[in-house]
Every structure is written in structure tokens, then in C-alpha cells.
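Engineer: sequence? don't have it. structure:
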């Protein structure tokens, strides 16, 4: 029988009592599972702050004390979770000791930064992996106290090998599949910490922010899982962010491409790369809501290979502000062979990832992660490209995207979905500075003034969903 | 007094009697001019066919005979023109002899191809320049017989130096400006053959198809001309191709960007790069109609630096079928750092010019000249890029573009211009596969099925111009 | 039975009556052969002069006349050869006509240059191949008139495919072996013109100056020949150039490495790359003297894989003046990682071949072909390499080399061969500026002042051979 | 008045009482000086071992204890030195406290390694710099207690900026000169720790093993010193290593090139790159012997720009075993354009420094640091270079070099110096596998079997010096 990979994110792990819910989900499955777990909510952010702090104050007693305060706080936190979830004092004691060993390791890394005064990339990745390592240990132990046969399996134990890129690695399936598949066989519940794999020397490398989804998808791929079940605390993918729109609808099905584009253009449900490992395997991703136990194992959204243009076409409207635009102006830049190649090459070799490029005869537009804008601007500016008369940049932008197979089809009112979206935004007074449809067959997006982002989302959502 | 550069294209030089019209235009100016002339209508195409023919049949008597037939035909043609334009027999004789020398040179190149069995790029460029060389000689001589002080100035004589790229060169202004400016001083009418400059060894290099406009613009830039006057046989830039739309309107003003985008997206009035040399000089381009002598020197369209969003916004709708799309599919291609750089680099270093790029998370779309599609496909296919699961190509597409400063502004019916264009096309049943707006601030375009191109043009034009 | 590939060079083809000698050699073999033939002596040089002439005077009647004079001269020359070798008038007539067709083709190429005013590389290679093409045709025809079953096989007919580098190509064995082997089967004598192969489009590409040896070796490799017999008019490899040394000895055996180094360092007997194709095949090369028919098929020198250090060690002393030295000075150039890589890369990508490199802490010495010195100097000078304080060049040098397996062994007088050579030169007053031994296990060389070259050769030869 | 830069190496700093000698040298000068000091003898090696140990045992208590033992040992050592050199208890106390602060910093780095489990390059460089930092602090303090006005100046304080290459950096003179010159003005004795500079972020970067000489030379260059005085415990440069030859002679003068080559080929007196910064400045380097106080400030060897070919020519014979040879064999590798460029490029981009290259037609010889041989072999092997039929390597070699301006001149016995050296070696039975002379105008070298290194040195030395 194929296994199911079940992923619990930080949103499922906020309170000590959340552990109970996780355990009851596991019991509902009543079959061998592989659990992939995130850090408790907020832990990763605090670890980042803590690393930054340790680096800046390196060598000062205050910074060292603060680091130690933080790990003390972690110890307390974990003790509370144990207290809330484990009644037997001997068990409590054993689990606390096991956690202490792990927090000591974390402590050591923080002390290391303090000692050497900087944060090598491998130390950064190692430290950030501790949020997940604590979750997996804790959950395993609690499951055992509840009589559920369980064992923890760390990426270093199961051979989840990556390409070795610190901070943003990808799984090396050729190196991982056989050993992961073998290590994850057995009938107990196996708990794997998400977010990281290991390079060929055994160092932890992160899969990028939110990378536990990617961990889970990689493992699902390695073991040919029946499905990847991702538990959230919302009703799956929605037609829009409920923070922006009052009553968004839930989406029952998405195909892989739609899910990838939605995530790329801002939906927070999945990490944008989650789909990658499963794409060719046709392993469905099922999104479930842990706060709705009455639904049992019935998912809100199922993501699979099934592509169909529905009558309504638009499945979701999404947005992100993590974007900025770099523009190269010149009367013939679209024609000058080589400018684009030169620029994309220079940006890539400086580690800057391009989100999208759009060219015309008189301008080349490059969309980037906002953090990279200034570096990208500096790189392009210093290259003095013949034919480029001006380089401009704008970070006060946001992307609003409409996703659904068939965005360029005629809708029931006779217009293309993409043009209805654009018209709706502009009619509401949204300042649009770029619009594109069909780049992926399932997505249309517009780049708007940052201040108009919510307005645009509401207008576009109202156009298609009436609210 | 600044000079005016006046350019006569092939459309002004169809019949022997067209010379008369050109001369009367020159006389209307009644001031020193620099004339830049194209080949007579059809000559360049015939030269291309002739070269191709000579190459394919190289070494056969038939091919040689055919080449000689062609140059005989040219001689006859020129003789007719002379007969129609020059009455004095002594003049006729002199002019015929001068032309014979030049046609002999052309003959020699064709014989050369025949002898060596292939067409080196420099020979190709040299042969194609003869269409213009014959025009300039002929026009100069006829002007002289009419008592107009005139002299011919070949690019090799005036030092119009290029970057040396055969077939698609650009002017090297640093090397050209001083010598061109000096060589073109004087009070007579100076006639320069368009379409080519010379590399540093003195070999002719073409400015690309339709490059006489670019010649004229380069010269205008070198001599700081008062304006560049381009004579056509139509009423300047129109709101659409009259072959597709029954009553297109004439456009009285365009800014440089609008003119560049219109040309890039298919308008045949100007070569797409004409604007480049003039952009920073603020030298206006004026489009006049030689068939309407009653208007005198009043242009139909003036192109200058003036940017304004008009109430109507849309100035013109245009289209081209010289486009094809190459698509790289993969669930994470938008995220994979480096794929885009790798591809653009590979295409560029193989001499393939990219017209536009549009990326999303799951696909990279590359628009190319149609001729380059298969080569581009082969290059991308052989690179086996990690993360690309499929490469597809489609040559059965056309671009329809809407040009006007402010394409993303709200129009009077409350929609963005771009979305009205898209909706109009889709409502007419046009199959759209890609749409983008704002890449240049003055242009929105859609990629449609080739068979729907005219339909799209009509629908979009009707939307904005009512017809 | 394996075939023998027999190569006749230009030195075997000086006079009309030389044909007789060639034919009698062929008859002596009395078995199926593949003959590879060079142009008649002097023809290639005249063709080069003729091409140069045609280019410089392109378009002038004088140059055209001169080209035609030359081909007339060729026709006369061939006619004399025919007259001297063929008695039957009908045969004469037929052969003359066949040759006329080929000379007409050559004529056409020369006319082509005249017409287009320049010499594309492919035309240069094509024209130079005609010296060989005439030899092979003539020899085939004469053999037939003598009753020897024979046929001509052109590289384009047998599929001798190259890497396509004009002027200096190499055989593409993967593409050639099968078709060459098949095309050269059969019992008649098959005559192949040397010096060129064809690229994938069918254009002739030369194997480099003296490349008929390389042609013959490539063919020998393709057909797994029993041996490659190279006929010369001297007694094989000698202990020194008889022009410099009064009584050099003949060398009965060389191994492949020794032959390669001797040719590299100036011996004119074989093209330096002849050994390449045969190296792994263990096909011997036998050098015979056509002027000594009394020896029959007994070679003067046999070149094979057999390596042995003889008592005398030194087999030959050779020299070349086609060398120059480029020197990069700087107190730490030997230590600066990357200078050497940078320089060799820059030279290579500009098509400059490095003969040898020798570095120390304070200088990098680069030996080059003399023609390339100035270009190399310019390239290095413009790179402004950090750490290089001076670049100097010297074309007034020559290389004198001592070749023999074991050059670093002790000789009978207790010194190393290499040091005896060096001492002998210096004791004679030779100005030596660089010396190296053991770079190849079979060669030691010294770089001397050009004016001392002959002196050095004599001194070194006397040291080892007593004369 | 120009200052003198005085450098004391580890050999001057072996025993506590050595400080006395250093101080009395300083007093002998009786003028403002800049002292550049190495670590005490053996300290750097122990730090390396300590780092390695900390890394390997990272996380174990044993390793941590060992690190702490080591720094305790350092503290004791320094206390002994203080005890031996400082009598006043208050002074002792103050100095001990100052040293304790610095050793605490070192301790922290070692703890850092222990904590993070690996050694980032910047930590490695930082730790190794502590040997010098302790010397400079100690020496400054002792000088002060002796009443000599003195102050310590760390590279980070004076702005000795490098190119930022950890482990093997070079001084960035453009960034350093002004600030170093200003910071080192003043009339007291200024003590600078050698061996490291700082990158633009302020991190310590080492100048390579033995780099204190280079530090001192860089500083001498920055301040336009009168001379650089390097104190050793031997009589300057000798005609050979006294370990190999019984009575080597002292050399009174060397020019920069000779000194650079001697160091490059194994002489341990100076770091090979010491000459670089001084070369263009004509600042002499004077080598003095601290164990011969009776000579006062009279140097044994002076190194300056003066080049002269002396009657004896040979100034010194030297050797090194830090060398290995990589050989690419193939019948035409010397001819194949690009193989050398390809190989040097691949080696350089993998951080492998080439000591020397020597090519012939049939082999390319690359001399490397012995540590790099296997990596270089692997790189070349995996490149599968067309034309290379075999790659071989040999680490059992040594270089023996003869240095002296004029190595290719005739010596008094009528032979070239270089050939006498080679003959002497071979006559003694030395197995020579490569020999080159004139690569630098001042050096000839031979590559011999490692076991014959001493024998070769003796034979060659005897040849020129009679002993």
C-alpha cells in the first residue's frame, strides 16, 4: 500500500494544544504515514532575528546574553508544550532531556556566531533548521506517549540530498530517491522535519522560505506517495485573500499549473515550487483544514494534472507586493541583438532572480523580487549598455494576478477574462503600469501601484465573483 | 542655415515619369538639400532573386545567361527612364555611359558568384547596394540636365562608417559625424544612395531591409538637419493598414516612441530603427505624400519628442505576421535562476534576435522573427535545460498592436484602452494566445492566430475609430 | 590483403619525365595501391602568388590578363607533360580535354576573385587544391595509357570529411572512415589528390601547408593500410640539413615521437602532423628515395612505434627560423594565478598558435610562429595584465633542436646529450637565449640568435656526428 | 628622513631571551623604525594544527579541552617571555592582562569552530594572524619598559588593505598607500604584526605562508622606505642550503630577479613575492644575521636593481621538493590550437597555480605545487581533450635551480653555465627528467627524481664552487 505524506505547517502548530489536533488527525488516517512538520508558528522568524542579533553584537556580552535568553525561552516554550501534552512525569522528563540536547546544539551555533563574529551561510541554514528539528522530535515523542508507533527520521538520516545551494536548494532526486524510499519504509508513523535537506558533505541546506511544502513534495516523490496532504487552518485555496475580500469562495480543484502560478503570484497556501517534484508523477496534493475536524479527510482543494476550462474560468485572484520593476529605455532596445542576453546574464551571475521580462521596441521591463531591485539597478547601470539611454526602477508596485485555465477565452459577457480583469481594475481607479495575459496559459497579471493593490484585488474579485 | 534631409523611397520611384515628381518636389523646397534615395520599386527584390539564382545555378551556363539577362533588363529599364526624362541626345548618351559603368560593376559581382559558387556576405551586401547606387546616379544626372546644381555623394565618399555587421549594420557615429558633415556641406543638392554604409575596410554593409530610412536618419543626425522629410505615396501614418480597414484616419503627430513601436509592430511607413539616431537630437521626421502635390511641403504626420496622452489615446492599430513563438514549459521555469539567461544567451550568440520575452512560473514565452523559429527551437532543444519539461513552437501567429501614449489609461467607456482592444478582438472570435500592455508605455499587443489577424485588426480598429 | 598508401610529393614531380619514375615505382609495387599526390613542384606557390595578385588588382584588366596568362601557362605546362608521357595522339587529345575542364574551373575561381574584389577563405582553399587535382588527373590518365588499371578518386567523391576549418583543417575520422574505406576498395591503382578534404557542405578545406602527407596518413588510417610509403628525392631523414652540414648521415629508424618532434622543429621531410592519424594504429611510415631506383622498395627511414634509447641517442639535429619569442616580464608573473591562463586564452581565441611556453617567477616566455608575433604582441599589450611590467618580443631568433629518445641520458663522455649540445653551441660563440630539454622525452631545443642558426646546427652536429 | 622597515622573522623569535637581541638591534639603529614581526617560532604551525584539531573534533569535549589547553599553553609561554624580559611586577601585570585580552579573542575563534563544526576561510585567516598579533603586542610592551618610545600599529588600524583573497592575498596599494604612510609617520618605533592585511570589510586576510616578508615589503613600498632590513639567523643568501652542502658561500649582492627566482625555486630566506612591491621603487632589501651582533648593521646580502653578469655567474644553487609534474601526451598536442589555453584555464579557474609550462609537439608538461597534483590530474582527466592520448603525473620529483644573471653565457671552461650544471648532475648519476634555461634570464633549472635531489644539489654546487 502506498503511503500518504502528510504535512503540518506552522499554522497548525501555534498553541501547545495544537499538538492534540495534529495527533487526532494522524489517528483519523489510521494507516502508516510520513509526517513532514514545520517549526512552531513564529519560531523561524525569531531564529532569523536571533542570528542577526548575534552577528551584529558579536563579541559583546549583551548579545550573548540575549541569545541565551532566547534559547531559554525556547526551552520554556517546549516545556509548556510537553506539560500540556504529556501527563506521565517520567515521560516528561525524558522528552525534556531529549529536547535539551537539541536546543544545546542550537545554542552552540549561536555561540559560534558570537565567537567568530559573522554568519557563514552554512551556519545560517543549520540554525534555521532547528525550528523544524524541535517540532519533529516533540511530535514523535508525544505520539509515542499516546501509544502511536512512531519514529523520527532526520534528512541526514534518510539521505535527503540537495544540490548544495545554501538558502535555496533543490532536491537531488538521483541521489535521494533510493535511500529515502528505503529509510521511510516500515509501518510506524515516521516524522521528518521539513525545510531542509543535506548537501553531499552532510551540511543542512534550506529549501527556501516556506520550504517545508517542498520537503514534503520531494519526499512524496521519492516514495511514490498516494497523495501529499497539506493541512492548513483555512479552507484550502480561496478565490482571493480573505484579508482583502469579505467572502471569498473555496476552490475545489486546481491543476498543477494553476497552483504553481497562484503561489508564484502571491497565494500563501503553498510554496511556489511544491508542484515541481509531483508534476511528472501525477501525485495529487490535497489541502485540508485542521480547524474543521468534522470534515474528516475530505480536502477543500485537490491539485492534480486535470486541466479543464470551466465556465467560470477564473479560479482565484491573488497579489504580492514582493516585486519591483527595472526598466531599460532606448529607442531601439527591442531590436538590438544581445542587450537582453547581456542583462539577464549579468543579473543571473550576480544571483538575482528575474520574475518576468517583457520587452517592446523602446523598453525592456524586468520584474524582480523587491529586495533585489537596488542591486539589479546597480549592475545594469554599471554595464553602460550601448543603446540604453535611461534605466529606471520602481519598487512601489504590486502584482495582481488572475489564475484559471483559459484566461484568454471569451467570458459570458463576451470579453476575455484578462481584459475584464484589467477593465475592472482601471474602472476602479487603479493605476496599472503593465499587464500581461497568456504568458502561462493559466494566468494573467497586472502590475499596479502598490497603494492600489487591495483596491485592484477587490475590484477584480468583484468582477468575477460578485463580491 | 540647417539643411533638410529628404528621403525618397521605392514607392516614389516606380515609373520613369516618377522622376519628374521627385524633381518638382526638390524644386519646391528651393534650398540646399540632402536627398537620400532608395532603389526603384522592385529592384532590390529582383536583385535578391538574382543573387539566389546565381548561387544555385553557379557554374551553369543557364544561370549565367539569366544573370546577364537581368542586367540587360536593368540597362533597358534605365534607358527608358533616361528617355522619358532627358531630351538632349548628348546628355542621354553621357548618362547611359555612366550607368553602364555601374551596371558593369554589378555584372561583375554576379559573374563572381557564378565563378566561385557561393555568396560571401560582403558580396551579398555589395550587390544589393546597386539598386540605390543606380537611383542616385540617375537622379543626379537628371537634376543636372534640368539645371539644378547637384552632385552625387556615395557613402564611401562621405565616410558613412558602420559597425561592420553585414546585412544589419548600424551607423558608427563617432567615426562618421565629422566627415559626413564636411562632405555634405555646399549649396547644391546632394544625392546619397540609401540602404548601406561602409565598414572600416571600405566594404558596403547594408542597414537591414528598408534601411534607406535609417541611412537618411543617420545622415540627418550627422549634419544636425532641420528635419528629416520622408516622402511616401500615402497620407503618412494611418490608424490602420488600408488593406485591412476601409477608411483609416491619418495621424498628424506621433512621438518618437509611438513611431518606433508602430514600426516594430508592423507599420510599413518607416524602418523600425529610423527613430534611433534622431531621438536625442530632437530632429523631427515629417511624412509627406508625393501624390498630393497640392499640399506642397505640408506633412501628413510629424514625429517628434512631444509626448501627450490624447483624449482618444489610440493613434494606430497595426499588425505583423513576421513573428513566431517559442515556449519553454516546466512547473518551475519562472523560479529557476538562470534558465532565462541561458536561453537568451544561446539565442543571441547564434544570431537570433528576440522580439519579446514574457515569463510566468510555468512557462517562458519567446517571440521571434518567424525565419528564426526553427533554428531557435533546435538550439533550445539541444541544450536540455534542467527544469524544462517541454519546448513547443508555433509559427501560425500574428501580432496585433495598439499604439498611443497612455494605453493603460481609462478610456471614455471606463475601460483601459488595452482591455478594450483585447475584448473587442475576443468578442469577434479572434483566438488570442498572449497579450501584453505597458511593456512600452505607448504600446499594447496581442498575439493571435495567424488566420485571425485581419479580423483582429478590424475589430480593434472599429472599437476605437468606429470603422 | 591490406593496401599500401603511397605518397608522391612535389619533389617527385618536377619535370615531365618525372612521371615516368613515378609510374615505374607504381609498377615495382605490383599490387593494388592508393596513391596520394601533391601538386607539381612550384605550382602551389604560384597559385598563392596568383591569388594574391588577382585580389590586389581586382577589377583591373592587367590583373585579369595576368591570371589568364597563368592558367595559359598551366595549360602549356600540362601539355608538355602529356607530350613527354603519352605517345598516342588520341590519348593526348582526350587527356588534354580533361585537363582543360579542370583548368577552366580554376580559371573561373580566379575570375571570381577578380569580380568580387576579395578572396573568401573557401575560395582560397578551393583554388589551392587545383595543383593536386591536376596531378591526380594527369597521373591517372597516364597510368591508363600505360595499361595500368587506375582511377582517380577525389576527396569529395570518397567522403574525406574534415572539421571544416579552412586553411588548417583536420580529418574527421568518425565521418570519414567508413566511406573512405569503401570508396578505396578495388584492385586498380587509385589516385587521390592530397592537401585537402571537404567540409560538410562539400567545400574544399586545406590540411595546412605541406598537408598532402597528412592526407595520405589520414587515408592510411581510414583503410588500415599496411604502411604509408612517402617518396622523396633524398635519403630519408638525415642527421642534419645537408645545406648546413656537409655529410649528414641517414637515419634508418625513428619512432613516432621522434618523427613528430623533428618535423615540429624544422625537418622538412614530413608535415608535422603526419604522425597523428597513425600513432594509435601502428601503421609504419616508410621514407623512400625516388632517385635511387636501384634500392627498389627498401626504405631509408622507417617510422614506427618502437622506442629505444640507442647508444648514440641523438638521431638528428634540426632547426627552423619560423619562430619568434614573446616575453612577459614582472617580478611575480610566475606566481600570479591566472596570467598564463589569461594570455594563452587570449592568443588562442585570436587564432594564434603557441609553439611552446616556458615560465619562471619573473618571466613568461611564449614561442610562436613568426608571422603571429606582432598580432600576439598587440593582443597581450592591450590586455594590461596586472603584474606584468613589460612585454618584449624578438623575431630574430631560430630554434635548433636535438632529437632522439633519451636526450637527458648520460652520453659516452659523461654529460647529458642536451648539455653537450648546449655547450657545443656556446663554445662556438652561438648566442643562446633559451634552452629546454625533456619537454618531450625525445627532444631538446635551444633558441638562438637567428644569425647564429647555421653555426649552431654545425657545432651541435659536429659534437655528435663528428662532422 | 626616510624610515627603514625592519623585519624580524620567527627564527629571530625562538627563545624568551631572543627579545633582548631584537631590542638591542632596534637600539643599534638609533632612529625611527617600522618593525614588522612574525609569530614566535613554531606558533603558526601549532595554530594550524589546533584549528584542524578543533574542526575534526568539533562538538566533542575532548577537542574543546585540547583547544583550551593550547591557549593555556600560549598564555604560559607568553608569561615566561614576559618574566624573562620585564622585571617590574606592575609592568608584568599590565602586559599579561593585555596579552590575555588577545588570547581570549583567539580562544573565542577556536570555540567558534568548535561550536559551528567547520572552519570558514575568514576564521582560518583570523586565527592564524594571532601568532603575529601576540608578537607585536609583546614586543611593543617590552620596548616601552626599556624606555624606547614605541607603539603597536595593527593592519586594521593603519589601513593595509588587500585584494580580499583569503589565504593568499596581495596588497591593494591604491587603497593602502596614503593611509599606511600617514599612520606610520611619527618618531617612535612602530611595530606592525606581519602576515596579514585586511579586506574591505575589515576581515583579516593572510599573505600566504611566510607572508610577513611580503607585509614588510608592502609597508616599505607604502612609506618609500630607505631600505627593507630582514633579520635572519643565517649569513644571508648562501650558494646552497647548508644542510646539503658542507661549506656554502655567502652572497653579497643579488638583483631583484635573482632573489625572486631563488625564492621561487626553493631558497627559504625570503618569501617568493617579497620582491614584487619593491621592484619599481628601487628600495634595497638587506639581509642581516641577528646572531652576529658584532657586524652591527652590515648586511650579508643586499638585493637591489643592479644587474651584472659576474665572472662566476652562478650565485646560488637551490632546490625544492614542493613540485610535481603533470604531462599530457599526444602526437600533435603542440600543434593543436587551444589545448594549452583550455588546460591552463581549467586549472586556474579551479584555483590551481601553475609553476611552469613546457611544451613540445608530442607533450605538454605542467609543473605544479605538489599538493595540487591530484586535483589537477582529475581536472585534466575529466576534460577529455581531443588529441590528448594519455595524461600522466609524477610527484616524486624535485627542482634544482642555478641562479645568476647570465646562465646561458659561456663559463671559463667554455661551456654554458646551464649545461655545466646539467652535465655535473647527470655525471653524478642524477636522473633528470626535464631541464630548462633562460626562461628567466637569471635562472636554469632541472627537474630530477626526488631521491636524487640532494645529490644533484651537491654535484652542481661542487661544479661551480668547488665544494
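Structural biologist: Nice, I can see it. A quick note: this is a predicted structure, and the numbers were derived from the prediction, not measured.
Engineer: Which residues of the stretch 51-200 of chain A lie near chain B?
Structural biologist: Residues of the stretch 51-200 of chain A found near chain B (Cβ under 8 Å from any Cβ of the partner chain): none. No exception for glycine: its C-beta is placed from N, CA and C like everyone else's.
Engineer: What are the boundaries of the helices in the stretch 51-200 of chain A?
Structural biologist: Under the criterion DSSP state H, counting those that start in this stretch, helices of the stretch 51-200 of chain A are mapped to A:61-85, A:89-116, A:121-128, A:130-145, A:155-158, A:173-183.
Engineer: how far off helix A:121-128 does the fourth one point, in degrees?
Structural biologist: If I follow you right, that is helix A:130-145. With axes from the mean of the first three to the mean of the last three Cα atoms, to 10 degrees defining the directions, helix A:130-145 sits at 40 degrees from helix A:121-128.
Engineer: cool, and the second one?
Structural biologist: Between the axes of helix A:89-116 and helix A:121-128, defined by the same axes, to 10 degrees, the angle is 150 degrees.
Engineer: Helix A:89-116 near chain D anywhere?
Structural biologist: Yes - judged by Cβ under 8 Å from any Cβ, helix A:89-116 and chain D are in contact via A:108, A:109, A:111, A:112, A:113, A:114, A:115, A:116.
Engineer: re the thing from before, kindly reformat the helices of the stretch 51-200 of chain A as JSON lines containing mean pLDDT, distance to residue A:217 and mean neighbour count.
Structural biologist: Converted to JSON lines, the helices of the stretch 51-200 of chain A look like this (pLDDT from 0 to 100; distance: least, Cβ to Cβ, whole Å; neighbours: other Cβ atoms under 10 Å in any protein chain shown):
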{"stretch": "helix A:61-85", "mean pLDDT": "90", "distance to residue A:217": "27", "mean neighbour count": "16"}
{"stretch": "helix A:89-116", "mean pLDDT": "94", "distance to residue A:217": "25", "mean neighbour count": "18"}
{"stretch": "helix A:121-128", "mean pLDDT": "96", "distance to residue A:217": "19", "mean neighbour count": "22"}
{"stretch": "helix A:130-145", "mean pLDDT": "96", "distance to residue A:217": "15", "mean neighbour count": "24"}
{"stretch": "helix A:155-158", "mean pLDDT": "97", "distance to residue A:217": "14", "mean neighbour count": "20"}
{"stretch": "helix A:173-183", "mean pLDDT": "96", "distance to residue A:217": "11", "mean neighbour count": "16"}
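Engineer: okay, those helices in TSV with distance to residue C:123 next?
Structural biologist: Below are the helices of the stretch 51-200 of chain A laid out as TSV (distance: least, Cβ to Cβ, whole Å):
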stretch	distance to residue C:123
helix A:61-85	76
helix A:89-116	67
helix A:121-128	58
helix A:130-145	70
helix A:155-158	64
helix A:173-183	51
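Engineer: Looking at those helices, which is nearest to residue A:306?
Structural biologist: With Cβ to Cβ, the closest approach to residue A:306 among these belongs to helix A:173-183: 24.1 Å.
Engineer: Closest one to residue A:403 out of the residues of helix A:89-116 next to chain D, please.
Structural biologist: residue A:109 (40.1 Å).
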